[in-house]
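*Asks:* For reference, the sequence and a predicted model appear below.
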Amino acid sequence: DTGVSQDPRHKITKRGQNVTFRCDPISEHNRLYWYRQTLGQGPEFLTYFQNEAQLEKSRLLSDRFSAERPKGSFSTLEIQRTEQGDSAMYLCASSLVMENTEAFFGQGTRLTVV
Amino acid sequence: GQQLNQSPQSMFIQEGEDVSMNCTSSSIFNTWLWYKQDPGEGPVLLIALYKAGELTSNGRLTAQFGITRKDSFLNISASIPSDVGIYFCAGLPWGTYKYIFGTGTRLKVLA
C-alpha cells in the first residue's frame, strides 16, 4: 500500500497525559501536512513541512503542540498535557512540490481525552 | 481558522437524482479539490482542478473551476446509495501551499 499511513487509528488518553501520533506520507511526496477536524467541521490546517523544514504553523498550534519531520520522511505530532478540547480527528496529508498538485490524506487518528 | 463557504450544508435526495453543490471564497484560489469523507475515515480525493473555467469529470462526478477563481462546483449524476457521505471542497489560495477546506455538504440518498 503506497498511501498515507497514520498510527494509531484511535487513542484514548487521560487529561494531562502526553500523546504522539505518527504519519508516513506517500514515499515520493516532499510536502506533509497536519490538519485537525472536530465533529461537524471541515479539516483545519495546523502545520506543514517541505522535506524536513516546517514552513508554516497555524495559531491553532499552541505551545503544547509540536510537530517534527526529522529526515524529511515520516512525521510526528506530539500534544503535551492534553486537554478535553484536544479531542478531535488528526489528519495527515502529503503532496508533491509542484505548481499544480493535490493532497492525499491518511485515515486519521481519532483522539479522545477523558 | 479560515474555511470556505460551502452549500448546501446538507441534502436528502432520491436515488437516481442529480446533485449539485458549490463552494465560494472571498479570495482567489489557484487550485480546487473535491473530497468525500465517510464517518471515521480520512477524506478521499475525488477531483482536482487547476485552471479557471476547467471542467473535469470522474465517472458520475463533474466539477468546475469558476471563472472568477473564487468558486467551484461539484455535480453528481444519477446518485446511488453509496454516494452518502460528506463532501468537502478545498482550495489553495494564490501564493500559498496551505489548503483551506469548506464546511462540508452532507449528502443522504434515499433508496
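*Replies:* Ah, there it is.
*Asks:* hey, let's count contacts and neighbours off CA atoms from now on
*Replies:* Fine.
*Asks:* need the strands for chain A, in chain order.
*Replies:* If you assign secondary structure with DSSP state E, the strands in chain A sit at A:5-7, A:10-13, A:19-24, A:31-37, A:44-50, A:53-57, A:65-68, A:75-79, A:88-95, A:104-105, A:109-113.
*Asks:* Turn these into a markdown table, columns for distance to chain B.
*Replies:* Shown next, in a markdown table, are these (distance: least, Cα to the nearest Cα, whole Å):
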| stretch | distance to chain B |
| --- | --- |
| strand A:5-7 | 10 |
| strand A:10-13 | 10 |
| strand A:19-24 | 13 |
| strand A:31-37 | 8 |
| strand A:44-50 | 6 |
| strand A:53-57 | 8 |
| strand A:65-68 | 16 |
| strand A:75-79 | 17 |
| strand A:88-95 | 7 |
| strand A:104-105 | 6 |
| strand A:109-113 | 8 |
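*Asks:* So what's the predicted local confidence for the residue nearest the centre of chain A?
*Replies:* In chain A, the C-alpha closest to the average C-alpha coordinate belongs to residue A:34, at a distance of 3.2 Å (Cα atoms, centre = their mean). Residue A:34 carries a pLDDT value of 98.
*Asks:* Ok, residue A:1 next?
*Replies:* Here the pLDDT value assigned to residue A:1 is 55.
*Asks:* Residue A:99 too?
*Replies:* So residue A:99 comes in at 71 (pLDDT).
*Asks:* Give me the distance between it and residue A:45.
*Replies:* Distance, residue A:99 to residue A:45, using Cα to Cα, to the nearest Å: 20 Å.
*Asks:* okay, those two: which has more neighbours?
*Replies:* Residue environment comparison for residue A:99 versus residue A:45 gives the larger neighbour count to residue A:45, 25 against 10, counting by other Cα atoms under 10 Å in any protein chain shown.
*Asks:* confidence score at the more buried one?
*Replies:* Confidence per residue is given as pLDDT, and for residue A:45 that number is 95.
*Asks:* Ignoring the adjacent residues along the chain, who's closest to it?
*Replies:* Excluding its sequence neighbours, the residue lying closest to residue A:45 (Cα to Cα, 6 or more residues apart in numbering or on different chains) is residue A:35, at 4.6 Å.
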